[in-house]
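Participant: from the sequence below, what's the structure:
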Amino acid sequence: ALALRKVQSRPLVVLDIGVQFIALLLTCVLAWWQASVWALVWGQVLGALVRVVGSHMMLGRLRSAWSIDRDALRSILHFGGWVTLSSALTFAVGEGSKLVSGSMLSMKTLGLLGLATGLASLMMQAIHSIVSRSLFPAYAEVYRSGDMDRFANTVARARLPQLLAGGGFSVMLVLLGPWLVHLLYDDRYAEAGRILQILALGQLIGLLMASYTGVL
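Facilitator: Numbering: from 1, shown residues only. From the prediction side, this is the model:
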């Protein structure tokens, strides 16, 4: 958390890559030894353990103790109600379509929708990852300086590459969605191409809002 706040990306990247490599290695060893799907579960658990140990070794040993900041607690409880409501509505909008489509569509169509959704969301997931790791703490650092003009310029400069990369990727999917699905999958999945085009078109609009992630 401190490394994120101070925008120290290098140790975090090294830690992430190291943990993923070790977790993959442990999963492979467990799969070879147990010949069971439980290897996937234990691989994730051991990977999380490696992350905990690695973060303390790489990012400095801090003595932590339980404490309560009563002013912060009151602020969180007062503001938290609105955050909870907002989070619930956001979840309902983002995931509610799956509940509706699951009750209305056939299993085949639902599978095609899931496949297309996974492809369409690749760039958005990458942008959210970059924002949470780099841009959000950078925004906070600039905001703490009190220079609102600099803050506005920082946000504008950060949004431009997000819009260009995300918009370009979405336009590519709109134009080449069926061809991409045909390239990656056999003819049974061909209908996912048109679904991918529709989702990518929607993401062009969603990207305008997503590029402000972390600002509020």
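Participant: can you report how many residues neighbour Ile127?
Facilitator: Counted with other C-beta atoms under 10 Å, residues neighbouring Ile127 total 21. No exception for glycine: its C-beta is placed from N, CA and C like everyone else's.
Participant: residues of the host helix or strand of it that come out buried?
Facilitator: According to DSSP states H and E, Ile127 maps onto helix 122-130. Within helix 122-130, the residues scored as buried using 16 or more other C-beta atoms under 10 Å are Met123, Met124, Ile127, Ile130.
Participant: cool, stretch 113-121 as well?
Facilitator: Here stretch 113-121 shows Leu113, Leu115, Ala116, Leu119, Ala120 as buried, counting by 16+ other C-beta under 10 Å.
Participant: likewise stretch 141-156?
Facilitator: Neighbour-count burial for stretch 141-156, counted by 16+ other C-beta under 10 Å, picks out Val142, Phe151, Thr154, Val155.
Participant: other SSEs contacting the least confident helix or strand in the chain by mean pLDDT?
Facilitator: Sorting the helices and strands of the chain by mean pLDDT, DSSP states H and E puts helix 2-5 at the bottom, at a mean of 76. Applying 3 or more C-beta pairs under 8 Å, 6 or more residues apart in numbering; DSSP states H and E, we find helix 2-5 packed against helix 9-34, helix 136-144.
Participant: give the next helix or strand downstream of the longest helix along the chain.
Facilitator: Criterion DSSP state H: the longest helix present in the chain is helix 148-184. Per DSSP H and E, the first helix or strand lying C-terminal to helix 148-184 is helix 192-210.
Participant: list the helices and strands that next one packs on?
Facilitator: Helices and strands touching helix 192-210, as assessed by 3+ C-beta pairs under 8 Å, 6+ apart, comprise helix 107-120, helix 122-130, helix 148-184.
Participant: which of the ones you listed sits closest to Met58?
Facilitator: helix 122-130 (19.7 Å; C-beta to C-beta).
Participant: circling back: the helices and strands packed on helix 192-210 into a markdown table, with extra columns for mean pLDDT and distance to Gly43?
Facilitator: What follows is these, written out as a markdown table (pLDDT from 0 to 100; distance: least, C-beta to C-beta, whole Å):
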| stretch | mean pLDDT | distance to Gly43 |
| --- | --- | --- |
| helix 107-120 | 85 | 21 |
| helix 122-130 | 81 | 21 |
| helix 148-184 | 90 | 26 |
